[in-house]
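Peer 1: Okay, sequence plus prediction incoming.
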Amino acid sequence: MESPTLKVVITKRQHQNQFFDEMLTESLSLRMMQISAGSFLMGSPSDERDRSDSESPQHQVQVETFFLGKYPVTQAQWRFVAALSQVDRPIEADPSSFKGDDRPVENVSWHDATEFCARLSQHTGRFYRLPTEAEWEYACRAGTTTPFHFGETIATELANYRGTDNESLGWSGSYGQGDKGEYRSETTPVDQFGIANDFGLCDMHGSVWEWCEDHWHKNYKGAPADGSAWLDEGAEENATRVMRGGSWSSDPRNCRSASRDYGGAGVRGSDVGFRVVCFAPRTLQPSAL
């Protein structure tokens, strides 16, 4: 007899977070949410469904306060920054396969993303970079220990991922006792779902894979405990880098908070984007979520 599926019940509540808007033009901004300092257990427990050995061993990490983009970088934001003066390398003005100002930019390599950060830093006078892997997971979890920041399972009413089975690859469209759903086969506008975690971040599960600063390591043995990037001295330019969060083309297990993937720093794909980190601005505003 098949196990019963869990019906998704969406409960919305008000929550206050601090943020600032980096104004790019009078009508275009980059909202940066404050991620308060704290510690968390990084990785997945041995009994988490569909976990990978790369998510072990679980280890305590202390993270300092930082700011992270509320959404993945959008195509409108990308175009503005791509038009700024080059810092290290050229980047394409309109690389995305799925067009839309409010859709996440994709088809960007790790090198492209770091050039975006360099140009944005030069333009604003504030230092922007990619998140470290520890910062990304800490921000995604927002104090939770469940596979997803909204609970034990995921639904296509909450996130953009492949909610249908893929028999050729043996992928299931459901996670645990959750329902199967739809497969949109493309990106969606940021915050289409109106769901934010307790840090005020949207689209942390699915949408696009997000580049992190770190080099890829097959597990967490020897990983730093201070939230810093885990970098290999002397690594070649296109060495593999970490990606997080899953994407529109991912099965639900790859959208978990602890899930990890990687790609060469020069790799581009229509399911790969990023969001950015910076540190404290002069003034902050409260945000009701």
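Peer 2: Good, I have the coordinates.
Peer 1: How about the secondary structure of residue 112?
Peer 2: The three-state assignment at residue 112 reads helix, by DSSP: H, G, I helix; E, B strand; the rest coil.
Peer 1: looking at it, it is touching residue 88, isn't it?
Peer 2: No - between residue 112 and residue 88 there is no contact under Cβ atoms under 8 Å: 10.7 Å. Just so you know, the C-beta spots here come from the backbone N, C-alpha and C atoms, and that holds for glycine as well.
Peer 1: who's more crowded, these two?
Peer 2: Ranked by neighbour count (other Cβ atoms under 10 Å), residue 112 and residue 88 place residue 112 first, with 23 against 10.
Peer 1: which ones are touching the more buried one?
Peer 2: For residue 112, the contact set (Cβ atoms under 8 Å, 6 or more residues apart in numbering) comprises 91-92, 95, 268.
Peer 1: repeat that with 6 Å
Peer 2: Residues near residue 112 by Cβ atoms under 6 Å, 6 or more residues apart in numbering: residue 91.
Peer 1: mind checking how far it is from residue 274?
Peer 2: 9 Å (Cβ to Cβ, to the nearest Å).
Peer 1: Need phi/psi at the closest residue to residue 48 other than its chain neighbours.
Peer 2: Distances taken as Cβ to Cβ, 6 or more residues apart in numbering place residue 147 nearest to residue 48, at 6.0 Å, with adjacent residues excluded. Taking degrees, to the nearest 10, you get phi -60, psi -30 for the backbone angles of residue 147.
Peer 1: just residue 29 next, same as before
Peer 2: For residue 29, the backbone dihedrals (degrees, to the nearest 10) come out as phi -140, psi 170.
Peer 1: gap between it and residue 194?
Peer 2: Distance of residue 29 to residue 194, computed by Cβ to Cβ: 19 Å.
Peer 1: Repeat that for residue 39.
Peer 2: Taking Cβ to Cβ, one finds residue 39 at 30 Å from residue 194.
Peer 1: got the CA positions of stretch 83-98 in CSV?
Peer 2: Below are the C-alpha coordinates for stretch 83-98, written out as CSV (Å, rounded to 0.1, in the frame of the first residue of the first chain):
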residue,chain,number,x,y,z
ALA,A,83,27.4,48.1,-19.3
LEU,A,84,29.8,49.4,-16.7
SER,A,85,33.6,49.6,-17.3
GLN,A,86,35.4,46.3,-17.5
VAL,A,87,37.5,45.3,-14.5
ASP,A,88,39.2,42.0,-15.4
ARG,A,89,37.3,40.4,-18.3
PRO,A,90,34.5,41.1,-20.8
ILE,A,91,31.0,39.8,-20.1
GLU,A,92,28.0,39.4,-22.4
ALA,A,93,25.2,41.9,-22.0
ASP,A,94,22.3,39.5,-22.5
PRO,A,95,23.4,35.9,-21.9
SER,A,96,20.1,34.4,-20.7
SER,A,97,18.2,31.7,-22.6
PHE,A,98,14.9,32.6,-20.9
